[in-house]
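Engineer: Sharing a model that was predicted from the sequence below.
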Amino acid sequence: MSAVPVAALRLWRRLADDPEALAPGTRRVTRDTNGFCPPGWVGVVRLGDAYAVDPGVADAEDIDRLLALDDPADPEQVRTVFSIEQALGPAELSYLPDDWTPPERRPDGVALEERDVAGLRGWLASLPEDDLAESSVVDMPRAIVASVGPRVVGAVGHLAWPERVAHVGIVVAPDSRGLGIGRRLAIAGTIRAREAGLSPQWRATSDNAASRALAVAAGYVEVGRQFNFSPQG
């Protein structure tokens, strides 16, 4: 199992409002502070082999049963304990290894420039809503934009999270995928976040194989998972 970066541990302990959370091999119930899940929901975060659970409004006995599962962040296992009304994720959490160096740039005829996201609203509106929601690019003030000729084909940027972590988000036009543009943007966005003195984080829903593969291509390593859900009743 890959080592958990210090920046990731600091971030999720801060969000959990618990300085002892996520120590290796532990399973711990945190305060119900809604630091990493909506109010009243149950939030589960795994880093390495450690778990932190925000109990929300769930019964203590059900939370104990949740923590006793082989993997409390696995939705299928969670459903043996809870009837789930709504869910967010699960999402895989990836970070850079300490010895990360930018992968070799491949020539692809794509021009990159940093621009205000406000000037990209029209292009962003043409993209699938699910892609925009997962990337969070629409919430970023600036992004590195990829263009082929006069046409915008992709964008990457980051949001500043607590503990100097950068949540990196990327979106590529559907008809421009599979051409290496996403990889080029992912590397550029990661470099930009590091230049800002931040530790990049890549967060992809578990069923988004393309985003997870892109993270690996840019040098990220999956070390955790987040799963939030609202129990019925």
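Structural biologist: Great, that's in hand. Residues are numbered from 1 along each chain as shown.

Engineer: Domain map for the chain?
Structural biologist: 6-93+226-231, 111-217 (automatic domain parsing).

Engineer: For residue 99, which of those domains is the nearest?
Structural biologist: domain 111-217 (13.4 Å; C-beta to C-beta). No exception for glycine: its C-beta is placed from N, CA and C like everyone else's.

Engineer: so how far does the closest one reach from one end to the other?
Structural biologist: End-to-end distance for domain 111-217: 20 Å, by C-alpha to C-alpha, to the nearest Å.

Engineer: could you show me where the helices are in the protein, in order?
Structural biologist: Counting by DSSP state H, the chain has these helices, from start to end: 6-16, 60-67, 75-78, 121-125, 129-135, 181-195, 209-217.

Engineer: any idea how far residue 200 lies from residue 190?
Structural biologist: 5 Å (C-beta to C-beta, to the nearest Å).

Engineer: Need the overlap of contacts for the two.
Structural biologist: Shared contacts of residue 200 and residue 190 (C-beta atoms under 8 Å, 6 or more residues apart in numbering): 96, 168, 220.

Engineer: Just give me the closest of those residues to residue 180.
Structural biologist: When the shared contacts of residue 200 and residue 190 are compared against residue 180 (criterion: C-beta to C-beta), the nearest one is residue 220, at 16.9 Å.

Engineer: From what I see, that closest one and residue 202 are in contact.
Structural biologist: Yes. Using C-beta atoms under 8 Å, residue 220 makes contact with residue 202 at a distance of 4.7 Å.

Engineer: Give me the more crowded residue out of the two.
Structural biologist: Shown here are residue 220 and residue 202; by other C-beta atoms under 10 Å, residue 202 has more neighbours (28 against 24).

Engineer: For residue 63, which non-adjacent residue is spatially closest?
Structural biologist: residue 55 (4.8 Å; C-beta to C-beta, 6 or more residues apart in numbering).

Engineer: err, residue 115, not the other one
Structural biologist: With C-beta to C-beta, 6+ apart, the residue lying closest to residue 115 is residue 145, at 4.9 Å.

Engineer: ok, now residue 23?
Structural biologist: residue 50 is the one closest to residue 23 (C-beta to C-beta, 6+ apart), at 6.0 Å.

Engineer: So what sits opposite residue 111 in the bridge?
Structural biologist: residue 147 (DSSP bridges).

Engineer: any weak-confidence spans in this protein?
Structural biologist: 1, 105-107, 233 (pLDDT under 70).
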